[in-house]
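>>> Got a predicted model here, sequence first, then my questions.
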Amino acid sequence: MLRLYGKIFKTGVLTERVPAAAKPVPARAEGPVPISAEVDETIQRAGERLKTVVDRRFRGSLAIRQVDSGSCNGCELEIHALNNVYYGIERFGVHFVASPRHADILLVTGPVSRHMEAALKRTYEAMADPKWVLAAGDCGACGGEFGVSYASCGAVANVIPVDGVIPGCPPAPIALIRGILDLLAR
């Protein structure tokens, strides 16, 4: 282990520095969000509003259980981005938990495939009251391009009650933050 640390210290930093005058990429309604001062400020404002609501209604800690009910994993990539250092949703009091028994919100992605229908129902029933369900992405909202078929139940609302929908394919991390905030503001 010490040899590895020694090699790291001898090698040093090999990455290039970001140019100071880099132009931001124009933003789309969904997809990757460009890194700029305007976006930083938007995230900070939405996060501070979320933190205020979480502090007031949940005593500083909101727990979310995320379930992939058959998605293409596009939404999951954006949800995982919420936990990176740029978005840092945990600094606003929002935590992802492994057990539905500890969760306040169930965040479901993808159309509900037939083999996930029973597992999703059991997860929903395991949550303590009051519980909220957010369907993330177009597939969770309406079934997307998969719809209802022999392999898919379609939208999340076809299986369990849904309290809010976050549109997009996939929804950007800032849209996810706003969707959680909109649900809690009701």
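It's in.

>>> any idea which helix is longest in the chain?
Secondary structure assigned by DSSP state H gives helix 37-58 as the longest helix of the chain.

>>> For Gly140, see how far away the residue nearest the centre of the chain is.
Among the residues of the chain, the smallest C-alpha distance to the mean C-alpha position (CA atoms, centre = their mean) belongs to Ile79, namely 2.9 Å. Computed as CB to CB, to the nearest Å, the Ile79 to Gly140 distance reads 12 Å. Yep, even glycine has a C-beta here, placed from its N, CA and C like the rest.

>>> Tell me how many other residues crowd Glu117.
17 (other CB atoms under 10 Å).

>>> scratch that, Pro173
Residues within reach of Pro173, counting by other CB under 10 Å, total 22.

>>> just Thr123 next, same as before
For Thr123, the count of nearby residues is 21 (other CB under 10 Å).

>>> so what secondary structure elements neighbour the helix or strand that it is a member of?
Using DSSP states H and E, Thr123 maps to helix 114-126. Using 3 or more CB pairs under 8 Å, 6 or more residues apart in numbering; DSSP states H and E as the contact definition, the elements that helix 114-126 packs against are strand 62-68, strand 105-109.

>>> And for the longest one, what's in contact with it?
Okay, so that is strand 62-68. Defining contact as CB atoms under 8 Å, 6 or more residues apart in numbering, one finds that strand 62-68 is touched by 54, 75-76, 79, 93-100, 102-110, 116, 119-120, 123, 127, 180, 184.

>>> quick one: contacts for Cys169?
Neighbouring residues of Cys169 by CB under 8 Å, 6+ apart: Glu30, Gly74, Gly137, Asp138, Cys139, Gly144.

>>> Next, give phi and psi for it.
Cys169 adopts backbone torsions of phi -140, psi 90, taken as degrees, to the nearest 10.

>>> repeat for Ile160
Backbone torsions for Ile160, taken as degrees, to the nearest 10, come to phi -130, psi 160.

>>> Contact partners for it?
Listed by CB under 8 Å, 6+ apart, the contact set of Ile160 reads Leu106, Val108, Leu120, Lys121, Tyr124, Val133.
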